[in-house]
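In: Next come a sequence and a model predicted from it.
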Amino acid sequence: MLGWTRLLLGGMLIEGVSCSTYIMDLNYDGVDRMTQLAQFYLLRGPSDIMLVPGIMEYFSQLKSILLHTVTSIEKKKNNNSNNNNDSNSNTLSPTSRKRKACGTPKRIR
């Protein structure tokens, strides 16, 4: 994918007071692997204040993963703009994420 060797995407799923954090890596052709990092509850009342340190740790973990990805993208964009003086070289097009197809399945006997 555009020359990156390790690209991680992150996300959160919040349903009421239940929260889950996820990462997805795109390391292999045709395989997008999603992994759940954590599942926790948000504050439901004043008595749940003891949950704050754990919640902040989960947010910090996701933030560091996303910062690494953003840094990688910015470095790649800067390298592309240095190699090409074209004004469009510094933007990522919607098709730049597209990967080659794995090919036609072969029958195994």
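Out: Okay, I see it. Just so it is clear, the model here is predicted, and its values are computed rather than measured.
In: Wait, a helix at Arg6?
Out: No - using DSSP: H, G, I helix; E, B strand; the rest coil, the assignment for Arg6 is coil, not a helix.
In: Count the residues that sit near the nearest residue to it once chain neighbours are set aside.
Out: In this structure, Arg6 finds its nearest non-sequential neighbour in Asn27, 6.6 Å apart by CB to CB, 6 or more residues apart in numbering. In this view, the C-beta of every residue, glycine as well, is placed from N, C-alpha and C. Each residue near Asn27 was counted by other CB atoms under 10 Å, and the total is 13.
In: Each with direction, which strands does the helix or strand harbouring Asn27 pair with?
Out: Asn27 is part of strand 18-28, with elements assigned from DSSP states H and E. As defined by DSSP bridges, the strand partners of strand 18-28 come to strand 8-15 (antiparallel), strand 31-41 (antiparallel).
In: Now do the helix or strand that comes right after the longest one, average pLDDT.
Out: Reading on from strand 31-41 to the C-terminus, the next helix or strand found by DSSP H and E is helix 52-83. Confidence over helix 52-83, taken as the mean pLDDT, stands at 86.
In: give me every residue that touches the closest residue in space to Ile14 that isn't next to it in sequence.
Out: Spatial nearest neighbour of Ile14, excluding adjacent residues (CB to CB, 6+ apart): Leu42 at 7.4 Å. Residues near Leu42 by CB atoms under 8 Å, 6 or more residues apart in numbering: 14, 17-19, 51, 55.
In: cool, and Val52?
Out: Counted by CB under 8 Å, 6+ apart, Val52 has contacts Leu43.
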